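Would you be able to build a 3D model of this:
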Amino acid sequence: MRNIYLGRQPIFNKDLKPVAYELLYRAGDTDHADKSDARASADVLINTFLEMGVQRVVGKARAFIHVTPEILDDNLLRLFDPKQLVLQLMPDAAFDDNLLESVSRLRASGYGISVDDLLVHEGTLPLLELAHFAKVDLQAVPEAELAEHVSALRKHSVALIAEKVETHEQFALCQSLGFDLFQGYFFARPKLVASRTLFEDRLGVMQLLAVLHSPRSQLQDVQNVIQRSVSLSYRLLRYANSAAFNLPRKITSIAQAIVILGQRRIRDMATLLALTGSKDVPHELTSTLLARARLCAMLAPPGRDAADSAFTAGLFSGLDSLLDKPLEQLLDDLPLADEVRAAVLEHTGPLGRILAGVLAIERGDFENPALEALDAQLAPAAYLEALDWASGAVSGLRAA
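Numbering: from 1, shown residues only. Modelled structure (predicted):
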């Protein structure tokens, strides 16, 4: 398990009500970080939308996030809900015609576009024409030139944000000049937001990318790689059940999530995960959970998707060991089908009875009544087969 961090600073309207938040890269529990590359952009996006959950971080407000040309060029932003994401572009980057076209497509898809630290000149005008917001850094524009600067920006259809407002006098001046939104230490310093999550399975991510980019790969190949990785499985199901998709029913298995999302969106998610610099999942615990999930699937009762749901229940039954958080709290962040949730938390229902029996086998508790739910003839051999499969899966990831 690892700690993850974000800096969050509110952006206020004229009534001094927070209407958005700028989210900032933080490598640790400090209030600053000198990093603004593609890895930092990917880290903030993943932590906001895939790890902590955008509702927890900003509620219903919009999230301003710095994005670099690498992120825009890869079209990775389609993973995230455009209604809540404002892409904060840096005008000192080399925005050629291809990148401007990418920004135009993202704007047409509903993403907000903001130009940061803007000093108007011929080179930045194409970005300004695409922007919804223009942020004016009060530390970069001399006070004597501010009125003229605002007048030039008012020729374009953008909302003006006064950035780095640090005194009441600066706030009063910005109000008199007609700024629409305000941000700075005068109102609030960036607040550190922290959470805990799984170590990133970088070997699993690399293997998944290799499979997804292979012209010979099938959906089953993708499923096999994801099911060997607890962290990938957790993130995929959480993403598939997020508000971005607003599905009428919950996704109950890895197989369903893959079909719903499709290979292109999964490839984009894997690419974004590959940009982050996290560590590997602990292999011993991974092996245990994989064997448990495999055995649950092998012993699952007949029925549509029963084996996939049983695998999911077995895999996520040990998330509390990985994250050092209560299992019920973790599952609140990962909406599962009621029968899967009940199986994991209460060991009830057909899936829960299977899981309880499998846990008894793991402990060597062969007198446990839960074993009555298992096929007495199949279970011993299936357990050995599950252990071999899990060992091979972990070895495969290590050698990837």
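
going forward, measure contacts and count neighbours with C-alpha atoms only.
OK.

where along the stretch 301-400 of the chain do the helices fall?
Using DSSP state H, counting those that start in this stretch, the helices found in the stretch 301-400 of the chain span residues 306-316, 319-323, 327-332, 338-346, 349-363, 379-399.

Could you take those helices and lay them out as a markdown table, with extra columns for mean neighbour count?
Compiled in a markdown table, the helices of the stretch 301-400 of the chain are given as follows (neighbours: other CA atoms under 10 Å):
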| stretch | mean neighbour count |
| --- | --- |
| helix 306-316 | 27 |
| helix 319-323 | 18 |
| helix 327-332 | 14 |
| helix 338-346 | 19 |
| helix 349-363 | 21 |
| helix 379-399 | 16 |
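
Figure out which of those helices is closest to Ala40.
For Ala40, the closest of those is helix 319-323, at 22.9 Å, according to CA to CA.

Domains in this structure, by residue range?
2-195, 198-399 (automatic domain parsing).

Kindly reformat the helices of the stretch 301-400 of the chain as a markdown table containing mean pLDDT.
Below are the helices of the stretch 301-400 of the chain laid out as a markdown table (pLDDT from 0 to 100):
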| stretch | mean pLDDT |
| --- | --- |
| helix 306-316 | 82 |
| helix 319-323 | 73 |
| helix 327-332 | 80 |
| helix 338-346 | 90 |
| helix 349-363 | 91 |
| helix 379-399 | 74 |
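
Quickly, which of the domains of the chain bottoms out on average pLDDT?
Sorting the domains of the chain by mean pLDDT places domain 198-399 lowest, at a mean of 77.

that older thread, the helices of the stretch 301-400 of the chain: which one's closest to Ala370?
helix 349-363 (4.7 Å).

Just give me how far that closest one sits from the chain centre.
31 Å (CA atoms, centre = their mean, to the nearest Å).

sorry, back to before: out of the helices of the stretch 301-400 of the chain, which gets nearest to Ala152?
Across the helices of the stretch 301-400 of the chain, closest to Ala152 is helix 327-332 (CA to CA), at 48.9 Å.

Straight-line length of stretch 53-66, end to end?
18 Å (CA to CA, to the nearest Å).

next structured bit after the host helix or strand of Ala270?
According to DSSP states H and E, Ala270 maps onto helix 254-275. Counting by DSSP H and E, the next helix or strand C-terminal to helix 254-275 is helix 283-298.

buried sites along that following helix?
283, 286-298 (16 or more other CA atoms under 10 Å).

What of stretch 212-228?
212, 222-223, 225-228.

where do the strands sit along this protein?
2-12, 18-26, 62-66, 85-89, 112-115, 133-137, 159-163, 181-182, 191-197 (DSSP state E).

wait, what's in contact with the nearest residue to Ser41 once chain neighbours are set aside?
Counting by CA to CA, 6 or more residues apart in numbering, Val67 is the residue found nearest to Ser41 once chain neighbours are left out, at 5.4 Å. Listed by CA atoms under 8 Å, 6 or more residues apart in numbering, the contact set of Val67 reads 38, 41, 87-90.

From Leu273, how far off is Val67?
15 Å.

again with Val225
15 Å.

so how far is Ala108 from Met90?
20 Å.
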